[in-house]
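# dropping a prediction and its sequence here:
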Amino acid sequence: NAGVTQTPKFQVLKTGQSMTLQCAQDMNHEYMSWYRQDPGMGLRLIHYSVGAGITDQGEVPNGYNVSRSTTEDFPLRLLSAAPSQTSVYFCASGLKDSYGYTFGSGTRLTVV
Amino acid sequence: GEDVEQSLFLSVREGDSSVINCTYTDSSSTYLYWYKQEPGAGLQLLTYIFSNMDMKQDQRLTVLLNKKDKHLSLRIADTQTGDSAIYFCAEEDSSASKIIFGSGTRLSIRP
């Protein structure tokens, strides 16, 4: 049971480049979320999904897109990377009507 | 909207008790959580409390919930060096579709 798998673990981008952070879970969880972690600011919610085909914005959605075509996958797209998007990104998933989320190990992104 | 607040740092002596405090805003949260993050790692669910409970104990961990004041605390008894980590308080929003986190409290242990 792999849990929540995030790829890549590390990435360096140039300003203006685009990329997709991958997130996959094999636990048949309905709920999936993307967070970014910055020093002193905790985890801030970027986008979340309550099921395939349904996504919604979190606290800091600007500059990011998501889609949820399957239950398993929830990719996060950066359309035009900016230095302000330098952060550690975490994907998490959870079961409806249950407690707690399972987190991936994170992607450390640096935009230069 | 939902907001979760906690202090950024706590330093305790090894063997003492650690108490990490948190305040939250969504009174309709079903679950409240404590997550632990060790250096370079993701977040692990440490414990949780259901909103109709006042206290939950799990070995060295005690969670206290004061719903009237919207205050949550985590007590770690006999704090060890392995408890050094960032501890996040979190609340589930009223729709139960997302979890909102605080800024995290970095716990450091003095010998």
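Sure, I can see it.
# my guess is B:E91 meets B:V4, correct?
Yes - contact criterion C-beta atoms under 8 Å: B:E91 and B:V4 qualify, at 5.7 Å. Bear in mind the C-beta positions are built from the backbone N, C-alpha and C, glycine included.
# could you give the number of residues near A:A82?
13 (other C-beta atoms under 10 Å in any protein chain shown).
# next, show the common contact partners of B:E91 and B:V4.
Taking C-beta atoms under 8 Å, 6 or more residues apart in numbering or on different chains as the criterion, B:E91 and B:V4 both touch B:24-25, B:100.
# output these as TSV; include the columns secondary structure, neighbour count and distance to B:R75.
Listed next are those as TSV, based on DSSP: H, G, I helix; E, B strand; the rest coil; neighbours: other C-beta atoms under 10 Å in any protein chain shown; distance: C-beta to C-beta, whole Å:
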residue	secondary structure	neighbour count	distance to B:R75
B:Y24	strand	22	17
B:T25	coil	13	23
B:I100	strand	24	22
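# would you turn the residues you listed into JSON lines with distance to chain A and pLDDT?
JSON lines is the format used below for the shared contacts of B:E91 and B:V4 (distance: C-beta to the nearest C-beta, whole Å; pLDDT from 0 to 100):
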{"residue": "B:Y24", "distance to chain A": "13", "pLDDT": "92"}
{"residue": "B:T25", "distance to chain A": "13", "pLDDT": "87"}
{"residue": "B:I100", "distance to chain A": "7", "pLDDT": "91"}
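# quick one: pLDDT of the residue lying closest to B:Q37 once chain neighbours are set aside?
Spatial nearest neighbour of B:Q37, excluding adjacent residues (C-beta to C-beta, 6 or more residues apart in numbering or on different chains): B:I86 at 4.5 Å. Here the pLDDT value assigned to B:I86 is 96.
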